[in-house]
Each structure stands twice: as C-alpha cells, then as structure tokens.
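Asker: Turn this into a structure:
(one chain, ligands or ions: 1)
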Amino acid sequence: MFDFRSDTVTKPTPAMREAMAKAEVGDDVFGEDPTVNRLQEVVAWKLRKEAGLFFPSGTMANQVAIKCWTEAGDEILLERRSHILNYELAAFAVVSGVMPRPVEGERGIIRVAALGREFRPKSYLFSAPSLICLEDTTNMTGGTCYPLTVLKENRAFATETGIPIHLDGARLFNAAVAQKVEPFEITQYADSVMVCLSKGLAAPVGSVLCGPADFIEKARKWRKLLGGGMRQVGVLAAAGLVAVQTMVDRLAEDHELAKTLAAGLQGTRFRCEVPETNIVIIDVRETGKGSDAIAGLLEKAGIRCVLADASRVRLVTHCDVGKEAVAAAIEAFRNLKV
Ligand code: TLP
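Answerer: Predicted coordinates:
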C-alpha cells in the first residue's frame, strides 16, 4: 500500500526521535520549556515576525489567529475552497462568532480584484470585514503558490482598508522552496502566519503561529482557553526544530515527484494541471465515475488517496513515498478498468 492521502501521514525521522529523547524540557505554560522557546524563536526569525507560539495543530493556530484579530459579528474574507472555510468544522463561527465571506480565487489564489468585489465598507447594515485569510500553498486547489506580486497587491489593499492579513501557511515552506525565495519574502505581506511542522516536514505534531508580540501574547491566552497550553512539550518541539532545520530543502524532491505523477497521467482520461508543489488534484469526470468510485478502485490497487470533491481526487507526495510509489500510482491509474 502506498499512502498518498496526505503529507500529514509522514512519520518522524530517526534524527527527530533522537532529538525528542534528548530534549531539554520545562513547563511551557510557565513559558519555561527551553526547547519550545527555541523553536518559537527560530520560526519567528525565519518568518521575520516579532514572536511565535507553538500549537498542537494548524487548526487551533488558525482559529486562535482569527479570534485575536476579530470581534463577534465581524466577517472574514477567505477563498471559497480554503481549509479554514471547508475543513475546520466552522470553528470560526463557534470560537469567534464571525461570518465567512467566500472569495473566488484562481486555482485558490485570491487576486486583489476579487477581494475588491467582496469587500463591503463599514456600514450599520453590514457585518464589519475584519480579516483576510490567505492560504499558501493552496490545498484543495492543487498546491499552488501565491505569486509575490499578488501578495503585494493584496497587502496594499489590506493596508488601505485597514484589515489585517492572516496567512494559513500550513505548507509555506513548500511555497518558498518552489518559488526559490526565503520564507520571509512571502510572510512580509501578512500580519500573522501559521506554519505546520507536521506536514511535508514530517514532525509528528505541531504548528507555530507568528506575528507581532502583542498579538502573540493575546494568542497565548486563547490557546490556554482552548486547552492548548501544554507542559513538557519540548519533546515535540525538538522534532519541530529538526523539521525546520533539516527537512525544508528536500521538499523539492516531493515537488519533482508530483510533477512526475502528473506527467504520467498525460494522455489518459485523468486530467490534472502541472503541480507547482506536492499536491496533485486529478479530475476523474471523463471516466464517467465519481471520485469516490475511483478512490475505491485505487485503494484496491494499493494506492491511497482522498477526495477533493465529487469529481476530483487528491494525491500528495511526501518523504515517505518515493519514485517506486509514484511509478506504482501511475500504473494503477493507467490500469483502472473504467
Ligand atoms: N490539512 C489536511 C486535512 O485537514 C485536509 C490535509 O491532509 O491536507 N491549513 C491547511 C492549508 C491544511 O492543509 C491543514 C491540514 C490545516 C490548515 C490544519 O492543520 P492540522 O491538521 O494540523 O490541524
């Protein structure tokens, strides 16, 4: 069985396990875990933000960011197919009491004109637009990266309208590697950023939220309220440090394999765009079957994937699937009796 469901299935590397065993720890609710503090500093520096805060998950970090930037009754602008809107159980409504205003992106990329169309100025009739959430790389729209020029225009719009930008950078390091830029060249356009260590970087757990120092202080309170205050959590942060220090450059290999997979489907009834990073979204409509049926057949052929929607499946490349797995996936698609 080759597992292409997500890069979240990656297992911690031997170096991570060793670092975890040796990690110096303290009570992080008192701010006394040296390994957590180091991870927060390292990530905040890489993203050139004042401060960072370790979270058990990307979902909690995104939701705390929304909580910190908004008041109940506000609205947040975000892409129609974004993770925050579709895969976080409407937590923004439960935790922050805000309303989503979906924006149509191009392969998940929100351009300034689309923001302008959805933005409504302050009025006693409207819920106040209080936050723009961007996702880089985009997930269910195929791992696309925000061109820096688009981010710059969106930033200008946000500054003009006085709304902060939160960047869901679950796969921000994939974007930086694919675009051959430093992560801070991307994050300079956002007020707050969440990055995941548990996706392609292969750490077992964890995300870091970064932003201005006063925002992170506020976030610390909301993290605790949600039960995310952890104690000797340096054992997890140690793996996160190995992840950010040693697993970023190799993401290029995952991107290459995703391209190989997409190229292998050329000339078949499975349609996909050339992937920019490690996510391949495959449209199965030409087979006359739904994505659930195709995923079921692939599973029988030893290839695991997830559904992006009713007509598209998603395969993600990562460090625990190599060339052999990709060759097997191509063969499985080509041999499907549909
Ligand atoms: N994404 C997971 C699933 O939840 C869909 C995946 O397999 O891709 N933002 C983005 C863009 C994400 O892709 C994810 C996870 C998250 C946030 C949430 O991170 P976690 O799983 O740590 O809560």
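Asker: Name the SS class of the closest residue to residue 120 other than its chain neighbours, please.
Answerer: Among residues not flanking residue 120 along the chain, residue 126 sits closest, at 4.7 Å (CB to CB, 6 or more residues apart in numbering). For glycine as for every other residue, the C-beta is placed from the backbone atoms N, C-alpha and C. Three-state assignment for residue 126 (DSSP: H, G, I helix; E, B strand; the rest coil): coil.
Asker: now swap in residue 205 and tell me
Answerer: Per three-state DSSP, residue 205 ends up coil.
Asker: what residues are up against it?
Answerer: Counting by CB atoms under 8 Å, 6 or more residues apart in numbering, residue 205 makes contact with 56-57, 197-198, 236, 239.
Asker: out of those residues, which are inside helices?
Answerer: Those of the contacts of residue 205 mapping onto helices are 236, 239, per DSSP state H.
Asker: Out of the contacts of residue 205, which are close to the ligand?
Answerer: When the contacts of residue 205 are checked against the ligand using CB under 6 Å from any ligand atom, the ones in range are 57, 198.
Asker: and residue 48, what does it touch?
Answerer: Neighbours of residue 48 in contact, by CB under 8 Å, 6+ apart: 184, 187-188.
Asker: burial count for the nearest residue to residue 24 once chain neighbours are set aside?
Answerer: Distances taken as CB to CB, 6+ apart put residue 34 closest to residue 24, at 5.0 Å, once the chain neighbours are dropped. Using other CB atoms under 10 Å, residue 34 is surrounded by 14 other residues.
Asker: again, but for the one 4 residues further on
Answerer: Here the number of neighbours of residue 38 (other CB under 10 Å) works out to 17.
Asker: And residue 203, by the same measure?
Answerer: There are 26 residues near residue 203, going by other CB under 10 Å.
Asker: Please tell me I have it right and it contacts residue 242.
Answerer: Yes - between residue 203 and residue 242 there is a contact at 7.4 Å, judged by CB atoms under 8 Å.
Asker: Assign residue 294 to helix, strand or coil.
Answerer: Residue 294 ends up helix, using three-state DSSP.
Asker: pLDDT wise, what is the residue nearest to it when sequence neighbours are not counted at?
Answerer: Excluding its sequence neighbours, the residue lying closest to residue 294 (CB to CB, 6+ apart) is residue 284, at 4.6 Å. On pLDDT, residue 284 comes in at 98.
Asker: Return the members of the contacts of residue 48 classed as buried.
Answerer: Listed as buried from these are residue 187; burial here means 16 or more other CB atoms under 10 Å.
Asker: Using just helix, strand and coil, how would you label residue 167?
Answerer: strand.
Asker: If we ignore the residues flanking it in sequence, what's nearest it?
Answerer: Using CB to CB, 6+ apart and skipping residues adjacent in sequence, the residue nearest residue 167 is residue 190, 3.8 Å away.
Asker: Go ahead and confirm residue 193 touches residue 212.
Answerer: No - at 11.3 Å, residue 193 does not count as touching residue 212 under the criterion of CB under 8 Å.
Asker: list residues touching both of these two?
Answerer: Any residue near both residue 193 and residue 212 by CB under 8 Å, 6+ apart counts here, and that gives residue 49.
Asker: what about residue 214, how many residues close to it?
Answerer: Neighbours of residue 214 (other CB under 10 Å): 11.
Asker: Remind me what the host helix or strand of it packs against, helices and strands.
Answerer: Residue 214 is part of helix 213-225 when elements are defined by DSSP states H and E. On a contact count with 3 or more CB pairs under 8 Å, 6 or more residues apart in numbering; DSSP states H and E, helix 213-225 meets strand 51-55, helix 58-69, strand 207-211.
Asker: what lines up beside the last one in the sheet?
Answerer: Each strand that strand 207-211 pairs with, and the sense of that pairing, follows from DSSP bridges: strand 51-55 (antiparallel), strand 192-196 (antiparallel).
Asker: so can I have JSON lines of these showing distance to the ligand?
Answerer: Shown next, in JSON lines, are the strands paired with strand 207-211 (distance: least, CB to the nearest ligand atom, whole Å):
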{"stretch": "strand 51-55", "distance to the ligand": "8"}
{"stretch": "strand 192-196", "distance to the ligand": "5"}
